[in-house]
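[1] please work out how this folds:
(one chain, ligands or ions: 1)
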Amino acid sequence: MKIARFNAGALGLVDGAEIVDVSALLGANSGEWPPMAANRLIAGFAQWRPELESALATAPRYRLDEVRLLTPIPWPNKVIAYPVNYHAHGQEMQAGYRASNQGFFLKPGSSLVGASDQIELPALPDREVHHECELGIVIGREVRGATREQWRDCIFGYTCLMDIVVRGREERVMRKAYDTFCPVGPWVVTADEVPTPEALEMKLWVNEELRQHANTADLVLDIPGMVATASAVMTLYPGDIIATGTPEGVGPIRDGDQVRIWIENVGEMTLGVVQGNRGWSDVFQAPYTPPTSK
Ligand code: MN
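    Take a look at the predicted model:
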């Protein structure tokens, strides 16, 4: 199943070129705050599944290309992100560490946007803002101290994720925290439809230029390792998202660009880039050019 959110906060199942509205079943409505219907669906998915399947036959349908797609899980307890998790990206960034000996950082939920949104560049004229193409993992249950062997039981599904970042030497979390810096979507695909997450091809284009092309088989810290590492420290909750790290080929995005991400068996989405007029901070006063500058 492919779970998506659309229009004013409706919850839907994607069925071919259409989306089926299951908002009534899950109590999703546009006035809900915080918007937790997707978390409820994920937490109770085994119980909901028969009703969701019948809804495919009976609930209202819309054409997918006529709805506005929102980020599928707008209120995760956390977005966990692994830095430098492909060797070739570590080399291009001249990083002496890897996710396997560095661990993870967190991105704020407020940075999440969806497939029909845009990436807003902050007003930092002396800085490059880069794309990072990543497989997103969605956690399916509450768990602490999961072993590597338990990884499949912990995962609800997969999604496309861009980890957008202001390059620099300042605190990584701040540089990756801007609003719109975590596009996730266009939906979450349940794990049963992604039989080999350990070997997924993925690509990212800026306009027509293919910038990143890699396979999750090349992850340094693999998916079982990422689940075990995060859950060693924190309780994971249904709807938590893991950004698994980017391969080589990161580079700048600019006003007017179209950034497209595609992941095998997961999905594809394209977001436009717009230059905003907010986001300046004295923290970013010193100019910085990254080693990968293109
Ligand atoms: Mn990243």
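
[2] leaving out chain neighbours, which residue sits closest to the residue of the stretch 151-294 of the chain found nearest the ion?
    Residue of the stretch 151-294 of the chain nearest the ion, by Cβ to the ion: residue 163 (3.4 Å). Where C-beta positions appear, they are placed from N, C-alpha and C, glycine not excepted. Excluding its sequence neighbours, the residue lying closest to residue 163 (Cβ to Cβ, 6 or more residues apart in numbering) is residue 132, at 4.0 Å.

[3] OK, contacts around the one you found?
    Residue 132 makes contacts with 162-165, 245-246, 250, as judged by Cβ atoms under 8 Å, 6 or more residues apart in numbering.

[4] can you rerun that using 7 Å?
    162-163, 165, 246, 250 (Cβ atoms under 7 Å, 6 or more residues apart in numbering).

[5] before we move on, what about residue 180?
    By Cβ under 7 Å, 6+ apart, the contact list for residue 180 reads 111, 113, 117-120.

[6] equivalent analysis for residue 1, please.
    Residues near residue 1 by Cβ under 7 Å, 6+ apart: 13, 52, 190.

[7] among those residues, which are located in strands?
    Among the contacts of residue 1, DSSP state E puts 13, 190 in strands.

[8] the ion contacts on the stretch 101-250 of the chain?
    Taking Cβ under 5 Å from the ion as the measure of proximity, the stretch 101-250 of the chain contacts the ion at 132, 163, 246.

[9] switch the cut-off to 6 Å
    Neighbours of the ion within the stretch 101-250 of the chain, by Cβ under 6 Å from the ion: 132, 134, 163, 243, 245-246.

[10] in the protein, where is pLDDT below threshold?
    In the predicted model of the chain, residues 293-294 satisfy pLDDT under 70.

[11] quick one, which residue of it lies the farthest from its center?
    Note on the chain: the largest C-alpha distance from the chain mean falls to residue 58, namely 30.4 Å (Cα atoms, centre = their mean).

[12] and the helices in the stretch 101-250 of the chain?
    Secondary structure of the stretch 101-250 of the chain (DSSP state H, counting those that start in this stretch): helices located at 151-154, 172-175, 223-233.

[13] any chance of the ones you listed in JSON lines, with mean neighbour count too?
    Putting the helices of the stretch 101-250 of the chain into JSON lines (neighbours: other Cβ atoms under 10 Å) gives the following:
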{"stretch": "helix 151-154", "mean neighbour count": "17"}
{"stretch": "helix 172-175", "mean neighbour count": "16"}
{"stretch": "helix 223-233", "mean neighbour count": "20"}
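
[14] take these and lay them out in CSV including distance to residue 140.
    Shown next, in CSV, are the helices of the stretch 101-250 of the chain (distance: least, Cβ to Cβ, whole Å):
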stretch, distance to residue 140
helix 151-154, 6
helix 172-175, 26
helix 223-233, 11
